[in-house]
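1. I'd like to go over a predicted model; first the sequence, then the structure.
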Amino acid sequence: MVAAMRGASPQPGLSAWTALFFSSALLITAVVSYLAPIRGINPFSDLGIYESIYNNFSLIDVPGLMLRYEPGFVLLTWFCSHVMDFSTFLRLVDLVILWSFFLLLLRYCGREWFCGLVALLFFFLFPPFHSISAVVIRQGVATIFFFRFLARDGFAEYRARGTYVFVALMLLFHYSSIFALLAVALEGATWRWPRFAFQAWLLLTVGYVLGITGEIGKHMYEMAGLNVATLEAMNENADLVYTVGFKPGFLLVSTFFVLLPRLLIFLRVSHADPRTLYSQRIFRVYFMINGLATLTAMMPYHDRFFLWSWVMGAALIVVPLRAGQTSGEGRA
């Protein structure tokens, strides 16, 4: 009953299917790294900058580098640069992101072959996963810990000692993690009102379309003394111009993961209760993160904030597909 109220299935044991998925992914990663190393990276791209740092640590002031990039990422890449080339490092990051994503899906579905299929399809075909594995790899590494945080006991025990470890690791690899953690904290503060997150998301999404939430957010971070021009200046590629404001594509992706689970119920693919679907905690966290991201619409590179919710999307789809769907309105 406790697991049901938390809105997640008990953690399944690691069976032969899970072992097969991991061993296959590891083998494919090793073969691809050897036969098709990553070459010809644009030196002015984010990935090109990471590659330059990775290959020239002996010439770099590492403590000074930590002032620009998160210390966890700097130390990780410094260590890996001594034991593997940059191409292998990227493939390894891909593998661990895929594995942690699979375990997150397994938490909310339990059917291993299905979770493996969904994980592979989303990882290779859904653009946000390309972003965190080949563009903003610092956020990609932080996402590994975010997935484990979400999957930990149905992420019901925020005060558990192990939870703080995941939180600290996320922040060590990408400072935008504080945004996702703020959303999780807000969900935890409003759990007595299970539909609050959905209603807040609706309001913020309408404001996003009308350009209101972006302006509110801009006013808020200007009051906090943040000069958005400094964010533009951090971009190494002077030819890249980031468009701010409302983006229809962002709205489409954000609403897709909200509407598809309801469509599955309508088509009787799932027998989940539509009245309690959006009260599941995984949905409430998604609503909080995605809704708060609309407040960053006037900031350069605000896709980084939306990414935290988009990578959760597949978990929202598998929730109504699992057997024995139960209400997540309460908290143990």
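-> Yep, that arrived. Numbering: from 1, shown residues only.
2. residues in contact with the closest residue to Met66 other than its chain neighbours?
-> Residue nearest to Met66 in three dimensions, not counting chain neighbours: Val74, with 5.1 Å by C-beta to C-beta, 6 or more residues apart in numbering. C-beta here means a position set from N, CA and C on the backbone, and glycine is covered the same way. With contact set as C-beta atoms under 8 Å, 6 or more residues apart in numbering, Val74 has these partners: Val62, Leu65, Met66.
3. format the residues you listed as CSV; extra columns: distance to Tyr208 and neighbour count.
-> Listed next are the contacts of Val74 as CSV, based on distance: C-beta to C-beta, whole Å; neighbours: other C-beta atoms under 10 Å:
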residue, distance to Tyr208, neighbour count
Val62, 40, 13
Leu65, 36, 16
Met66, 35, 14
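4. so, low pLDDT: which residues of the stretch 201-332 of the chain?
-> 224-241, 323-332 (pLDDT under 70).
5. got the buried residues for stretch 76-90?
-> Under the neighbour-count criterion of 16 or more other C-beta atoms under 10 Å, stretch 76-90 has Leu76, Thr77, Cys80, Ser81, Asp85, Phe86, Ser87, Thr88, Phe89, Leu90 buried.
6. and the residues you listed, which is closest to Val141?
-> Leu76 (6.9 Å; C-beta to C-beta).
7. hang on, the earlier thing: among the contacts of Val74, which lie within helices?
-> Counting by DSSP state H, the part of these found in helices is Val62, Leu65.
8. would you mind splitting the chain into its domains for me?
-> 1-175, 176-332 (automatic domain parsing).
9. touching, Met299 and Glu222? I think so.
-> No - counting by C-beta atoms under 8 Å, Glu222 is not a contact partner of Met299; they are 10.7 Å apart.
10. who's more crowded, the two?
-> Met299 (20 against 12; other C-beta atoms under 10 Å).
11. for Gly245, see how far away Val209 is.
-> 11 Å (C-beta to C-beta, to the nearest Å).
12. repeat for His219
-> Distance from His219 to Gly245, by C-beta to C-beta: 15 Å.
13. next, the residue of the chain most remote from its centre: phi, psi?
-> Most distant residue from the mean C-alpha position of the chain: Leu59, 32.8 Å away (C-alpha atoms, centre = their mean). For Leu59, the backbone dihedrals are phi -100, psi 0 (criterion: degrees, to the nearest 10).
14. please name the residues that touch Thr77.
-> With C-beta under 8 Å, 6+ apart, Thr77 has these contacts: Tyr50, Ile53, Tyr54, Phe57, Phe89.
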